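Generate a structure from the sequence data that follows.
(chains A and B)
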Number of protein chains: 2
Amino acid sequence: MKAEIIAVGSELLTPDRLDTNSLFLTEELNSIGIEVVRKTVVGDNRELLAEAFRGALDRVPLIIASGGLGPTEDDLTRETVAELLGRKLRRNDEILRHIEGRFRSLGREMPEVNVRQAMVPEGAEILENKRGTAPGLWLEDAGRVIALLPGPPRELKPLFHEQVLPRLERRASGVRLHHREIRVTGLGESHVEQRILPIYKRYPEVNTTILAAPGETQIHLRLWTEDAPHAKKTLDEIVRSFEIALTDRIFSEDGRSLEEVVAHELTMNNATISAAESCTGGLLAQRLTSIAGSSSYFLGGVVCYSNELKTAWADVPPEMILAKGAVSPEVAVALAEGIRRRVGSTFGVGITGVAGPGGGSEEKPVGTVHVAVSYPGGVKERGIRVPGDREAIRWQASQAALDMVRVHFLYNGQNNTKSSSKRV
Amino acid sequence: MKAEIIAVGSELLTPDRLDTNSLFLTEELNSIGIEVVRKTVVGDNRELLAEAFRGALDRVPLIIASGGLGPTEDDLTRETVAELLGRKLRRNDEILRHIEGRFRSLGREMPEVNVRQAMVPEGAEILENKRGTAPGLWLEDAGRVIALLPGPPRELKPLFHEQVLPRLERRASGVRLHHREIRVTGLGESHVEQRILPIYKRYPEVNTTILAAPGETQIHLRLWTEDAPHAKKTLDEIVRSFEIALTDRIFSEDGRSLEEVVAHELTMNNATISAAESCTGGLLAQRLTSIAGSSSYFLGGVVCYSNELKTAWADVPPEMILAKGAVSPEVAVALAEGIRRRVGSTFGVGITGVAGPGGGSEEKPVGTVHVAVSYPGGVKERGIRVPGDREAIRWQASQAALDMVRVHFLYNGQNNTKSSSKRV
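Below is the predicted model of the structure:
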């Protein structure tokens, strides 16, 4: 089946916004064998909106649209599509109660404008939105389907999963997209390409894409087929070859982020962690605690920008800072060991560096970062030189720190950590 | 003038690639008064491609297309557009020599396929591409313009600047886009709408968009006119009315983020800040240090997840945690005051809450957050109830904390802080 995606919103026609929902929607549609043949972005204008929907209705049996379902005057998707299909809008009291309930639970009164969101075209099925006021709508017309979804990704994604996908699955054919995502860190795009090119060239039926992302490289394998066992066998084979070519640089084969992988290892091994950060300014702690249940492994962290606080909070000797400089392997190690001792965690991480744009010198230019991980019975330190701006440097520094913890588990396994966790 | 952007390439219809050229193109077009009314992404398929161009030709006088000018079989833009306009393709020997020269300079022979790139529709002007083999093409037909550009951003951008922009400028009218962005926090989309609707309704010539973003609401005002003084006067007038309607909820009228606004106030007032975070896990510190030069106002922060560390690092009395619970106004205040005293900063921020998904109770459900700001001579505390998932709750909590500091400067101005900064 072929589909088009329409993103509605004048803000998506400005220089500051892209329609990112379409990436998620494409992935989901592909997974059940539906191909996306066109994506359109159109503004909040009744006439242009009608034209976009009319054109798509002429071309494909499935339209997925996002946005324009809000409560305000410029949210026109509902009205426009209803008019195009010759359907009347009617107020749905159940939706109205749901919206009023949402406001009440937040201790607020529902503003009058929100009544618009309870207006439903005749014959439409309502797709309940648990995370927002605007419900989605499912419309069928002369064998074609139009699904109208709210614009905010955090509302659109669960709604699509729970309510649109099952409805589409019932209609989809047997061809499926089989997809693998391999995530690599500490190795640039062209180096990854060089190592895996001889492998994936042997599988012309598989579409291979190599993608650079901040602090990592992603490899996507895609195979469209009805034959699921064949797809599994082929993709498994390729991934096994990649594992040999890329050694320990692969951190995820199931879409998990680096912090998720590290969180999983810490939890499985009953290990705990703490952090003393300088240039990353809390980014490492923030990433480690972004995961549900993080309080079981993350005990605490300090952001010690000033030299005084490096000493006060992580016992870095002032004379060491004086002799070696705040950005040095020695201070990274002292931060890691100091915070681990203070907090009593299995691991302690220390990060110090020059995130820029100021503060660089000839000897220690912007992008110089030292990362140390202290663990029971030892400490490891790594110096890196990161290109890019402040944001890139901070991200890569946190990425390097997480990767050191991951690699520690890879080579030292549970043994080392189990003995250590007794210590805590 | 109105324009549409068409991005050509099947890879732009996969889940991992977005057409980012359109952001650059939109900004450039807007700068000379050309409005982008639709963006389309279409794959490398002759029929679908023809349909996309045909539709756009019916609607607008200007089409900017990127991609599909390469040398391979699936690069179809040239052929499709020529056919659509009823023009023959002719080989251009000058282009051919240019392409052969590029290959020679790399020490290679030109592959036969590249001859395709020297094929030019009758009557087209050639837009020289200094960074690649595929030249751009400029076609005029019945008063309409089609510019075909190469897909790679590093080829497209200079080519657009040097060759397309000057041609468009000659045709563009004096009409320019005048744009204002007002950012609001602590007030939802519909409440903002309700307060400002009576104002912006009075200015039908101005396009007003209200946008929900995490922890904030953005209002975009856009006015297309030749009359710059009139635009300035009108937009100033609207913004002034918004300021009255939204009181202190506006934090930015120039596109700056909340952390940038707070960083600016701290720097201007020679004030410093520190943070003791629980549920935000370092997010506040990370945001405050994401800005260049943050070491001048951010002294340090602690992430104290465990009760022990709340006591060890911010002197929260254990008996207070026992009596009131770790998530309580009292503990937020103690964190703020404790960290400020420890670090010796002008401001101290304390955040404690239930970010979920676990850890909620009937009395303190997921989303309960207490934020406190300690300052010379006082402390303020705010309890909020945030809807959404872990990420949303953490973001909103950090947003509330930054906003309390911003509002403090708003009402206490420099006086209070100046006297306080002496204290540090």
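
For the stretch 251-400 of chain A, what lies in contact range of chain B?
Taking C-beta under 8 Å from any C-beta of the partner chain, the part of the stretch 251-400 of chain A that reaches chain B is made up of A:275, A:277, A:280-286, A:288-290, A:292-295, A:298-306, A:309, A:312-313, A:342-343, A:356-359, A:390-391, A:394. (Glycine included, C-beta is placed from N, CA and C.)

interface residues of the stretch 101-250 of chain A facing chain B?
A:102, A:105-108, A:111-114, A:131, A:133, A:152, A:154, A:209, A:211, A:218, A:220, A:222.

Quick one: buried ones out of those?
Buried subset of these (neighbour count, 16 or more other C-beta atoms under 10 Å in any protein chain shown): A:102, A:111, A:113-114, A:131, A:133, A:152, A:211, A:218, A:220, A:222.

neighbours of A:Trp138, just the number please.
Around A:Trp138 there are 18 other residues, counting by other C-beta atoms under 10 Å in any protein chain shown.

isn't it right up against A:Val164?
Yes: using C-beta atoms under 8 Å, A:Trp138 is in contact with A:Val164, at 7.3 Å.

how about A:Asp403, what does it touch?
Contact partners of A:Asp403, counting by C-beta atoms under 8 Å, 6 or more residues apart in numbering or on different chains, are A:185-186, A:251, A:258.

Apply 10 Å and report the result again.
The contact partners of A:Asp403, by C-beta atoms under 10 Å, 6 or more residues apart in numbering or on different chains, come to A:185-186, A:215-216, A:248-249, A:251, A:258, A:261-262, A:371, A:373, A:382.

quick one, phi/psi of it?
Dihedral angles of A:Asp403 (phi, psi; degrees, to the nearest 10) stand at phi -70, psi -30.

ok, it to A:Gln218 distance?
A:Asp403 sits at a distance of 15 Å from A:Gln218 (criterion: C-beta to C-beta, to the nearest Å).

A:Lys201 now?
Separation of A:Lys201 from A:Gln218 (C-beta to C-beta): 19 Å.

One more: A:Thr72?
The gap separating A:Thr72 from A:Gln218 is 37 Å, by C-beta to C-beta.

A:Glu79 too?
For A:Glu79, the distance to A:Gln218 equals 40 Å [C-beta to C-beta].

residue furthest from the geometric center of chain A?
Relative to the C-alpha centroid of chain A, counting by C-alpha atoms, centre = their mean, A:Glu319 is the outermost residue, at 42.1 Å.

Tell me where chain A is predicted with low confidence.
Low-confidence segments of chain A (pLDDT under 70): A:413-424.

what about the residue nearest the centre of it, distance to B:Asp74?
The centre of chain A sits closest to A:Ser257, judged by C-alpha atoms, centre = their mean, with a distance of 7.5 Å. The spacing between A:Ser257 and B:Asp74, counted by C-beta to C-beta, is 34 Å.

Give me the phi and psi for the closest residue to A:Ser294 other than its chain neighbours.
Sequence neighbours aside, A:Leu288 is the residue nearest to A:Ser294 in space, at 6.2 Å (criterion: C-beta to C-beta, 6 or more residues apart in numbering or on different chains). The phi/psi pair for A:Leu288 (degrees, to the nearest 10) reads phi -70, psi -30.

and A:Leu288, how many neighbours does it have?
28.

what do you get for A:Pro387?
Using other C-beta under 10 Å, A:Pro387 has 9 neighbouring residues.

who's in contact with the closest residue to it other than its chain neighbours?
The shortest distance from A:Pro387 to any non-neighbouring residue, by C-beta to C-beta, 6+ apart, is to A:Gly367 (6.2 Å). Listed by C-beta under 10 Å, 6+ apart, the contact set of A:Gly367 reads A:353-356, A:360, A:384-390, A:392-393, A:396-397.

Pick out whichever of the residues you listed sits closest to chain B.
Of all these, chain B sits closest to A:Arg390, with 6.0 Å by C-beta to the nearest C-beta.

which residues sit in contact with that closest one?
By C-beta under 10 Å, 6+ apart, the contact list for A:Arg390 reads A:279, A:281, A:354-358, A:366-367, B:289-292, B:294.

In the helix or strand harbouring A:Ala312, which of the residues would be classed as buried?
Using DSSP states H and E, A:Ala312 falls within helix A:307-314. Under the neighbour-count criterion of 16+ other C-beta under 10 Å, helix A:307-314 has A:307-311, A:313-314 buried.

hmm, back to that, among the residues of the stretch 101-250 of chain A next to chain B, which are in strands?
A:209, A:211, A:218, A:220, A:222 (DSSP state E).

Out of those residues, which comes closest to A:Asp16?
Taking C-beta to C-beta as the measure, A:Leu211 is the one of these closest to A:Asp16, at 22.9 Å.

returning to that earlier point: list only buried entries from the contacts of A:Arg390.
For the contacts of A:Arg390, buried by 16+ other C-beta under 10 Å: A:279, A:281, A:354-356, A:366-367, B:289-291, B:294.

State the distance from the residue nearest to the centre of chain A to B:Gln396.
Look at A:Ser257 and B:Gln396: by C-beta to C-beta, they are 22 Å apart.

swap in A:Arg340?
Noted for A:Arg340: a distance of 32 Å to B:Gln396, by C-beta to C-beta.

okay, now A:Glu265: neighbour count?
So A:Glu265, with other C-beta under 10 Å, has 18 neighbours.

Any buried residues in the helix or strand harbouring it, and which?
Counting by DSSP H and E, the element that carries A:Glu265 is helix A:258-268. Buried residues in helix A:258-268, counted by 16+ other C-beta under 10 Å: A:258-263, A:265-266.

Just list what it packs against, helices and strands only.
strand A:250-252, strand A:273-277, helix A:283-288, helix A:390-423 (3 or more C-beta pairs under 10 Å, 6 or more residues apart in numbering or on different chains; DSSP states H and E).

Surely A:Glu73 is in contact with B:Glu193?
Yes: A:Glu73 is in contact with B:Glu193 according to C-beta atoms under 10 Å; the separation is 7.9 Å.

Need the residues touching each of the two.
When contacts are counted by C-beta under 10 Å, 6+ apart, the set common to A:Glu73 and B:Glu193 consists of A:113, B:200, B:208, B:210.

Is the residue lying closest to the second one once chain neighbours are set aside bridged to anything, and to what?
Put plainly, it is B:Tyr200. Distances taken as C-beta to C-beta, 6+ apart put B:Thr208 closest to B:Tyr200, at 4.3 Å, once the chain neighbours are dropped. Under DSSP bridges, the beta-bridge partners of B:Thr208 are B:Leu221.

contacting residues around the residue nearest to A:Val41 when sequence neighbours are not counted?
Residue nearest to A:Val41 in three dimensions, not counting chain neighbours: B:Lys39, with 4.1 Å by C-beta to C-beta, 6+ apart. By C-beta under 10 Å, 6+ apart, the contact list for B:Lys39 reads A:7, A:12-13, A:18-19, A:39-43, B:3-7, B:19, B:22-23, B:25-26, B:64.

Now, these that are in strands?
With strands defined by DSSP E, the entries of the contacts of B:Lys39 inside them are A:7, A:39-42, B:3-7, B:64.

All good on my end, thank you.
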